[in-house]
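Asks: my questions concern the predicted model and sequence given below.
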Amino acid sequence: MTPTEEKQWLEEHIPHRIRVMLASTAELSACRTNGEPSFNDDVVERCWTDAVWEGRLSALRWLCEFVGVQMGFKSGQAERPKAWPTDTNVRHLSGGVLLPLPSPEADLLAKAWKACTQGSVHPTHNSNHPRIDDPERTKAFEIIKNHLSTTVYSAEPDWIAKWVLQPSK
């Protein structure tokens, strides 16, 4: 790792993940300098914004695997995730089918899965992973949402309003 890259890890990548972990007022209140809080509302907002970003990437990776797509480590192509005994996917639900392989949709999800994995979930260096900003993330989410709408939620046309866009109980 070059000195410039190491500086980036120490000043950007690691602090970003620490902010994610501090994204609650209780955890932030423990951050003090000379007995005084070492943060303000802008810092609190940055912690929450970073946490939302990381959460979106983690959720997208989870959803890609749930519909049966990941990037093959050796092949570099869309493939099925390795199934562990406790894993669950869309096939385990009534009407659930895995996203077809090969397909353009699976290729896009595989790239999104790899980008989420290398950009957030797994620390990498010089990976040259695919982009996961908009519009890539939005396209991947649309594929997953459409697949779920036509499979496990096909009997519930308003499933997003009914099950997703609800306040916590």
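Replies: Nice, I can see it.
Asks: where's P102, which helix or strand?
Replies: Using DSSP states H and E, P102 falls within no helix or strand.
Asks: what residues are up against Q77?
Replies: Q77 sits next to M71, P102, D107, A110 when contact means C-beta atoms under 8 Å, 6 or more residues apart in numbering. For every residue, glycine as well, the C-beta is placed using N, CA and C.
Asks: same list (the residues you listed) but as JSON lines, adding secondary structure.
Replies: Shown next, in JSON lines, are those (DSSP: H, G, I helix; E, B strand; the rest coil):
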{"residue": "M71", "secondary structure": "strand"}
{"residue": "P102", "secondary structure": "coil"}
{"residue": "D107", "secondary structure": "helix"}
{"residue": "A110", "secondary structure": "helix"}
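Asks: quick one: pLDDT of the residue nearest the centre of the chain?
Replies: The centroid of the chain falls nearest to L57 when counting by C-alpha atoms, centre = their mean (1.9 Å). We have a pLDDT of 90 for L57.
Asks: what residues of the helix or strand where it lies count as buried?
Replies: Element membership for L57, per DSSP H and E: helix 41-66. Across helix 41-66, burial judged by 16 or more other C-beta atoms under 10 Å covers 44, 47-48, 50-51, 54, 57, 60-61, 63-66.
Asks: same thing with stretch 74-89?
Replies: Residues of stretch 74-89 classed as buried: A78, E79, P81, N89 (neighbour count, 16+ other C-beta under 10 Å).
Asks: the second one pairs with what?
Replies: This points to E79. Note on E79: beta-bridge partners Q70, judged by DSSP bridges.
Asks: hmm, E65 and it touching each other?
Replies: No: E79 is beyond contact range of E65, at 11.2 Å (criterion: C-beta atoms under 8 Å).
Asks: surely E156 meets V164?
Replies: No: E156 is beyond contact range of V164, at 10.9 Å (criterion: C-beta under 8 Å).
Asks: these two - which one has more neighbours?
Replies: Legend: neighbour count by other C-beta atoms under 10 Å for E156 and V164, higher for E156 (12 against 8).
Asks: about what we covered before: switch the contacts of Q77 over to CSV; also include pLDDT and distance to H13.
Replies: Output for the contacts of Q77, formatted as CSV (pLDDT from 0 to 100; distance: C-beta to C-beta, whole Å):
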residue, pLDDT, distance to H13
M71, 95, 21
P102, 96, 34
D107, 97, 28
A110, 96, 24
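Asks: thank you kindly, that will do.
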